[in-house]
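J.: no FASTA, just this:
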């Protein structure tokens, strides 16, 4: 019984001790948690592990004038062309020696000749017909003159007959002549009057024959002119200076006006055809909507010819009437200037263009990597904590973004580059290269360390804390009122011109001026600022590898380049970081976020562990290059999904489908100008 009681008592005591220890531990953990939460919940764990600090660069909003540049690609088109067709049918007899593909032709130069034999005969026949018509006209006019003379004679005879009739009537009234004589006079008059009427009819017919003969002459003249023109058209001459294209003919062939024997392109009217998006067009024409405002804008063209880059100048001439349904932009035509026979570019040449937009005055332009797609930006509080504010994104142009909004104030600082580890409340170590001069001095002193103490040389720009400290010391000192009235206004100005004049107060008045200039611990000598590396090879940590793979998987890249990039990242090594750098801007991937700032010692350790030799990968620079099936599929997919116009795609894709790139240098320009990441189809591998 006693043994049982002792056992129960021991168990109860052990239970009480265990409960007490557990309760004490619970209170200690709870207190630690409360302390951690009171500090903002940034301790990194229940027991407040050391919080990570990231180095960030700060810039200040600065209002300035900005001139955006519009860039893109277009193709050369002919503003004026002429189809060289035979003007008359016949046998192709001769051609000009200069009528060959690509030859320069001057205006008026004979191009080709059609057999002129039948046309010579036609001219002679028309000439004979004209002479015959002229003779008929002369005959008609002569007949008219004869008939008119006969009519005049008949009219004179009629007058005499009528006088004789009147005389016979008077004699009959006097019964001098008989009725028979009077009747004879009457019959004679009637006969002569009938003759006059017949002559008048003949004159009318002769008069009508003259215009008919004249019309025949005119008709013969027209026939002769037509025959002479057909004869002249047997030789076709160049209508203007130009370059010959699409030559296709054979001597001795029967040709007609439906046959196009060649095409002439006016090299003085060559144009670059390109497209502008709605946003670009709107920025150029403004609120007035007047598209004629584009006329005369200078455009610079660049044509990559192997390793050479040729430059041309042009001026915008006009815009198209309609918007392209399949591409959504409006066609713009820029006429090339300064073209001569020595520098004529071929029609269809694919060129890069650039020209400035109107200058935007008084705007805030910040790095594109500082602004999220939703317009969020980071700032640093006085406690060196990240704070978030929103801005309105007006435009994104290349590496810059134009922002506005209530939170945008001139001189206000912001984080120059966002990365994935940063968020609201993150602790940072800010670099302030763009802060005002007074604060700059303080930042520099803090970065390099300072022994503290009142300065001995001047002038000295005081911070707010230093100014308040000195004024408080002087006001509460035993100095008389008169020197205080001189010293305090000088301190309130924020500048000490000659610190040596105040140095005596340290001993004479017992004022501890050094206390207002505390010592500042020196920062570490070397710090890796972080960001995606520019040189390699680079051995990735597990965190970096996971971060990069996650960025690529969740990006808008096509499936094919992802299929090359992700396995290369999973290998844990980036042979040539420069090949992936294009993803930062072109695909909008924040690669820098996966490489936060680290201490120099850590960076050295990572660098020391990297292998010595790697295949750099990337798009080749020399050829010919035989493509694997995977590389061919990747390149074709990139080109098809790019923003290139249909015309250059029609040249590039068939060349890629052949499986061989004869001269990789001709495609190298697509990497920068068209934003096509060709390097992603050639990932690096270990040596």
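T.: Received the coordinates, thanks. What you see is a predicted model, and the numbers here were worked out from it, not measured in a lab.
J.: residues contacting residue 366?
T.: 59, 61, 377, 400, 401, 403, 414 (CB atoms under 8 Å, 6 or more residues apart in numbering). Quick note: C-beta positions are derived from backbone N, CA and C, even for glycine.
J.: Run a quick check on the second one versus residue 407, I expect a contact.
T.: No. With contacts counted by CB atoms under 8 Å, residue 61 stays clear of residue 407, the gap being 9.4 Å.
J.: max-length helix in this structure?
T.: helix 117-173 (DSSP state H).
J.: and that one, what does it pack onto?
T.: Helices and strands touching helix 117-173, by 3 or more CB pairs under 8 Å, 6 or more residues apart in numbering; DSSP states H and E, are helix 179-232.
J.: helices and strands around the helix it packs on, which ones?
T.: Counting by 3+ CB pairs under 8 Å, 6+ apart, helix 179-232 packs on helix 117-173.
J.: How far does the helix it packs on sit from its chain's centre?
T.: 84 Å (CA atoms, centre = their mean, to the nearest Å).
J.: do stretch 307-315 as well
T.: 15 Å.
J.: Give me the buried stretch members for that stretch, please.
T.: 312, 314 (16 or more other CB atoms under 10 Å).
J.: Next, the residues that contact that stretch from outside, please.
T.: Under CB under 8 Å, 6+ apart, the answer for stretch 307-315 is 271-272, 295-303, 334-339, 343, 345, 351, 353, 665.
J.: Just the buried ones from those, in PyMOL syntax?
T.: Restricted to buried positions by 16+ other CB under 10 Å, the PyMOL selection for the contacts of stretch 307-315 reads:
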select buried, resi 271+272+297+299+300+301+302+303+334+335+336+339+345+351+353+665
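J.: circling back to that earlier point, any idea which of the contacts of residue 366 is the one closest to residue 171?
T.: Lowest distance from residue 171 to these (CB to CB) belongs to residue 400, with 130.6 Å.
J.: quick one: contacts for the closest residue to that closest one other than its chain neighbours?
T.: Distances taken as CB to CB, 6 or more residues apart in numbering put residue 365 closest to residue 400, at 4.7 Å, once the chain neighbours are dropped. Counting by CB under 8 Å, 6+ apart, residue 365 touches 64, 66, 400, 401, 402, 403.
J.: and residue 365, that one's in a helix?
T.: No. Residue 365 is assigned strand when assessed by DSSP: H, G, I helix; E, B strand; the rest coil, not a helix.
J.: And it, how close does it get to residue 393?
T.: Distance of residue 365 to residue 393, computed by CB to CB, to the nearest Å: 12 Å.
J.: Find residues that contact each of these two.
T.: Common neighbours of residue 365 and residue 393, using CB under 8 Å, 6+ apart, are 401, 402, 403.
J.: can I get those residues in CSV with secondary structure and neighbour count?
T.: As requested, those are exported to CSV (DSSP: H, G, I helix; E, B strand; the rest coil; neighbours: other CB atoms under 10 Å):
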residue, secondary structure, neighbour count
401, strand, 21
402, strand, 19
403, strand, 24
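J.: of all the contacts of residue 366, which comes closest to residue 317?
T.: residue 400 (29.9 Å).
J.: Give the bridge partners for that closest one, please.
T.: Beta-bridge pairing of residue 400 under DSSP bridges involves residue 367, residue 397.
J.: measure it to residue 412 for me?
T.: 18 Å.
J.: do the same with residue 300
T.: From residue 300 to residue 412 the distance is 37 Å (CB to CB).
J.: Check residue 479 too.
T.: Shown here: residue 479 relative to residue 412, a distance of 40 Å by CB to CB.
J.: Quick one: the helices in the stretch 401-550 of the chain, in order.
T.: 437-448, 464-475, 481-492, 500-503, 505-508, 542-553 (DSSP state H, counting those that start in this stretch).
J.: Averaged pLDDT, the biggest strand by length in the chain. What do you get?
T.: Across the chain, the longest stretch assigned as strand under DSSP state E is strand 308-323. Mean pLDDT, computed over strand 308-323, is 88.
J.: cool, stretch 469-487 as well?
T.: 77.
J.: Ends of it, what's the gap?
T.: End-to-end span of stretch 469-487 (CA to CA, to the nearest Å): 13 Å.
J.: For it, list every residue counted as buried.
T.: 469, 470, 471, 473, 474, 477, 479, 487.
J.: how far away is residue 13 from residue 7?
T.: Counting by CB to CB - residue 13 and residue 7 are separated by 11 Å.
J.: cool, and residue 534?
T.: Residue 534 is 75 Å from residue 7, by CB to CB.
J.: now do residue 217
T.: 155 Å.
J.: Those two - which one has more neighbours?
T.: residue 217 (18 against 10; other CB atoms under 10 Å).
J.: got a pLDDT number for the more buried one?
T.: 90.
J.: my guess is it contacts residue 132, does it?
T.: No. Look at residue 217 against residue 132 with CB under 8 Å: they stay out of range, at 9.4 Å.
J.: ok, back up a step: and the angle from the longest helix of the chain to helix 179-232?
T.: 170 degrees (axes from the mean of the first three to the mean of the last three CA atoms, to 10 degrees).
J.: What backbone torsions are found at residue 574?
T.: phi -110, psi 110 (degrees, to the nearest 10).
J.: The closest residue in space to residue 200 that isn't next to it in sequence: neighbour count?
T.: Once flanking residues are discounted, residue 200 sits nearest to residue 151: 5.7 Å by CB to CB, 6+ apart. By the measure other CB under 10 Å, the count of residues near residue 151 is 21.
J.: quick one: residue 151 and residue 199, what's the gap?
T.: 4 Å.
J.: how does this structure divide up, domain by domain?
T.: What the record gives for the chain is the domain set 14-51, 54-67+361-431, 82-111+239-263, 118-232, 269-358, 451-516, 528-686, from automatic domain parsing.
J.: Any chance of CSV for the ones you listed, columns distance to residue 74?
T.: Converted to CSV, those look like this (distance: least, CB to CB, whole Å):
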stretch, distance to residue 74
domain 14-51, 54
domain 54-67+361-431, 19
domain 82-111+239-263, 20
domain 118-232, 42
domain 269-358, 3
domain 451-516, 55
domain 528-686, 7
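J.: ok, of those, where does mean pLDDT dip lowest?
T.: When the domains of the chain are ranked by mean pLDDT, domain 14-51 comes last with a mean of 62.
J.: Count the neighbours of residue 532 for me.
T.: Neighbours of residue 532 (other CB under 10 Å): 21.
J.: just checking, residue 76 touches residue 267?
T.: No. With contact defined as CB under 8 Å, residue 76 does not count as touching residue 267 (10.5 Å).
J.: Residue 223: how many residues sit nearby?
T.: By other CB under 10 Å, 18 other residues sit near residue 223.
J.: now do residue 5
T.: Residue 5 has 9 nearby residues by other CB under 10 Å.
J.: Assign a three-state SS to it, would you?
T.: helix.
J.: Do you know the pLDDT at it?
T.: So, for residue 5, pLDDT stands at 70.
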